[in-house]
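1. Build me a model from this:
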Amino acid sequence: MFNQLSEKLQDVFKDLRGQGKISETNVTDAMREVRMALLEADVHFQVAKDFIARVREKSLGEEVLRSVTPGQQIVKIFHDELTSLLGGDAEPLNIGQGGQRSRLLMVGLNGAGKTTSSAKLARWLKGQGRAPLLIALDLHRPAAIEQLATLGQQIGVPVFRPAPGETDVLKVAREAAEWAKTQGGNIEIYDTAGRQEIDEPLVQELKGVKEFLQPSEVLLVADAATGQQAVSVATHFNDALGVTGLVLTKLDGDARGGAALSMRHVTKRPIKFAGVGEKIDQFEPFHPDRLAGRILGMGDIVGLVEKAAQAIDEEEAKRMEHKLRTASFDLNDFLDQFRMLRKLGPLENILGMLPGMGSLKDFSVDEKQMRRVEAIVLSMTLDERRKPDIVNARRRQRIARGSGTSVTEVNDLLMRFNQMRKMMKNMGKLKKMMARSGGRRLPGMR
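-> You can find the predicted model right below:
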């Protein structure tokens, strides 16, 4: 998502930054290119027009044109306006503090990811120390009830399931509210029914549920890959139900991303969460400034550090640091680090969080190749992982058969591992030499 838009914007601003002097003509030409990039990315026409007008007005101010670095000043203006377009500051959920009870109503069309997002939100809240409960209110689609029950079991969250054949959604909502009182939870998440499109029966059903529950949040789950239709859907739901926030799904997809830029502006409702992958843990609070930075190639170091903190155990990090320092790193450690890296998410997404790396074109990581590497290591005995040097030709053939790979791939992995270990050993020697020299730079070092 946003790759095409990001590439075009970064090309435009690279040209601006490269010019020592900025004129009205430069700015006008650049804004024309930006406007086309936004429209191609499926940003709503009026949203793009208003946005460009604001950026152009600020970019032509005397303070910018007389600046020593006018190109960089314009990029800063664009970043600030893009952040504002996406909602400004991140908005937290409106839920009670501590043990106070809250109700969240999840609404949206079929296929937007409503049920999955409900479970992802429950998992996230559980990680924040809350006690969420999941309630299945989609009486039109039995598969949604089963899906929610399966996901709830997976994350260890209680799920209320209506009686088979039940059709009265208000009756089920009342039963669920009574059930919730007995479960010890403090946040109730209601997964409601959807349709292929908004119709009057759906609106009336949701209005009745909302009136009874009096939820603190009505969250619209919208598929960011549906382009302009997502904007129309968000407007209709907001007009009918008074949506309090948006949850965007499929932000990791290959759609153009304009819906995310338009929905906040059109509905005046904040984007509160984003689904960034299919896995249950690939769900995070939405930070407008961070996304704006990633679109402009500035990265998201704060987000990367937060991801790493969640994935990396502190004691494990200390143990690994010692192994690296003493060059006692073996294939068991390699496997642990490999798995930890994969916990951070797709490597393309991780690279996009590093400043300047988001503009890498046609970069992709072969997930199949990563799985083959893991299979090769798992096909080794514990002794072989501890002492890779004992892996002779016959052992390599056995490992290749066991992992479904070729001897060439096994050889390649072992060669790369040995190169890495040699590099670590050399770094260890250098540190010892510097320690003996009292921290002084060694001859030849600058």
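2. Neighbours of residue 154, how many?
-> Number of residues near residue 154 (other Cβ atoms under 10 Å) recorded here: 11. From N, CA and C alone the C-beta is placed, and that goes for glycine too.
3. and if you look at residue 415?
-> Counted with other Cβ under 10 Å, residue 415 comes out at 10.
4. Work out for me the element it sits within.
-> Element membership of residue 415 [criterion: DSSP states H and E] is helix 407-436.
5. next one: residue 333
-> helix 331-343.
6. still on that earlier bit, the helix holding residue 415 - what's its average pLDDT?
-> Mean per-residue pLDDT for helix 407-436: 73.
7. Give me the helices and strands touching the helix holding residue 333, please.
-> helix 314-325, helix 367-378, helix 382-386 (3 or more Cβ pairs under 8 Å, 6 or more residues apart in numbering; DSSP states H and E).
8. can I assume residue 222 sits in a strand?
-> Yes. Assessed by DSSP: H, G, I helix; E, B strand; the rest coil, residue 222 belongs to a strand.
9. Straight-line length of stretch 189-205, end to end?
-> The first and final residues of stretch 189-205 sit 17 Å from each other (Cα to Cα, to the nearest Å).
10. Please list all residues in contact with the residue lying closest to residue 100 once chain neighbours are set aside.
-> Sequence neighbours aside, residue 186 is the residue nearest to residue 100 in space, at 6.5 Å (criterion: Cβ to Cβ, 6 or more residues apart in numbering). Applying Cβ atoms under 8 Å, 6 or more residues apart in numbering, we find residue 186 in contact with 96, 99, 100, 101, 102, 130, 131, 132.
11. For residue 333, give me the pLDDT.
-> 79.
12. Would you mind giving the contacts of residue 186 as a markdown table with secondary structure added?
-> As requested, those are exported to a markdown table (three-state DSSP):
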| residue | secondary structure |
| --- | --- |
| 96 | coil |
| 99 | coil |
| 100 | coil |
| 101 | coil |
| 102 | strand |
| 130 | coil |
| 131 | coil |
| 132 | strand |
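13. tell me the least confident of these?
-> In terms of pLDDT, the lowest of these is residue 99, showing 61.
14. Please report the distance of the residue nearest to residue 151 when sequence neighbours are not counted from residue 86.
-> Excluding the flanking residues, the one nearest residue 151 by Cβ to Cβ, 6+ apart is residue 119, at 3.6 Å. Noted for residue 119: a distance of 25 Å to residue 86, by Cβ to Cβ, to the nearest Å.
15. ditto for residue 158
-> According to Cβ to Cβ, residue 158 stands 35 Å off from residue 86.
16. Please say which of the two ends up with more neighbours.
-> Between residue 158 and residue 86, residue 86 has the larger neighbour count (other Cβ under 10 Å), namely 23 against 18.
17. Backbone dihedrals for the more buried one, please?
-> Main-chain torsions, residue 86, degrees, to the nearest 10: phi -80, psi -10.
18. Over to residue 276?
-> For residue 276, the backbone dihedrals are phi -110, psi 20 (criterion: degrees, to the nearest 10).
19. next one: residue 274
-> The phi and psi values for residue 274, taken as degrees, to the nearest 10, are phi -140, psi 130.
20. Quick one, grab the pLDDT at residue 228.
-> 69.
21. Repeat that for residue 170.
-> Looking at residue 170, its pLDDT stands at 93.
22. For it, pull up the helix or strand it's in.
-> Using DSSP H and E, residue 170 falls within helix 169-181.
23. One more: residue 290?
-> helix 288-295.
24. Helix, strand, or coil at residue 133?
-> Going by three-state DSSP: residue 133 is strand.
25. neighbours of it, just the number please.
-> By other Cβ under 10 Å, the residues close to residue 133 number 23.
26. Correct me if wrong: it contacts residue 180.
-> Yes. Residue 133 is within contact range of residue 180, at 5.3 Å (criterion: Cβ atoms under 8 Å).
27. Touching both of those two, which residues are there?
-> Residues touching both residue 133 and residue 180 (Cβ under 8 Å, 6+ apart) are 160, 188.
28. so how far is residue 30 from residue 194?
-> With Cβ to Cβ as the criterion, residue 194 and residue 30 are 42 Å apart.
29. thinking again about what came up before, in terms of pLDDT, where does the residue nearest to residue 100 sit?
-> Residue 186 carries a pLDDT value of 88.
30. ok, of the helices and strands packed on helix 331-343, where does mean pLDDT dip lowest?
-> Of all the helices and strands packed on helix 331-343, the minimum mean pLDDT falls on helix 314-325 (a mean of 62).
31. if we can go back for a sec, flag every buried residue along the helix holding residue 170.
-> By neighbour count with 16 or more other Cβ atoms under 10 Å, helix 169-181 contains the buried residues 169, 172, 173, 175, 176, 177, 179, 180.
32. now stretch 78-93
-> By neighbour count on 16+ other Cβ under 10 Å, the buried set for stretch 78-93 is 78, 79, 80, 81, 82, 83, 84, 85, 86, 87, 91, 93.
33. The helix or strand harbouring the residue nearest to residue 151: which residues count as buried?
-> Per DSSP H and E, residue 119 falls inside helix 114-127. Neighbour-count burial for helix 114-127 flags 114, 115, 116, 117, 118, 119, 120, 121, 122, 123, 124, 125 (criterion: 16+ other Cβ under 10 Å).
34. Show me which of those is closest to residue 261.
-> Each of those was checked against residue 261 using Cβ to Cβ; the closest is residue 117, at 20.0 Å.
35. my read: that closest one touches residue 107, true?
-> No. Counting by Cβ under 8 Å, residue 117 sits too far from residue 107 to count as a contact (10.8 Å).
36. so what sits against both of these two?
-> By the contact definition Cβ under 8 Å, 6+ apart, residue 117 and residue 107 are jointly contacted by residue 221.
37. quick one: the closest residue to residue 335 other than its chain neighbours from residue 394, how far?
-> In space, and not counting its chain neighbours, residue 335 is closest to residue 377: 4.8 Å by Cβ to Cβ, 6+ apart. With distances taken as Cβ to Cβ, residue 377 is found 18 Å from residue 394.
38. Neighbour count: those two, which is higher?
-> Neighbour count, other Cβ under 10 Å: between residue 377 and residue 394, residue 377 has more, with 20 against 8.
39. Verify the stated contact: that one with residue 385.
-> Yes. Judged on Cβ under 8 Å, residue 377 makes contact with residue 385 at a distance of 6.6 Å.
40. Spell out which residues are contacts of both of those two.
-> Residues touching both residue 377 and residue 385 by Cβ under 8 Å, 6+ apart: 331, 335.
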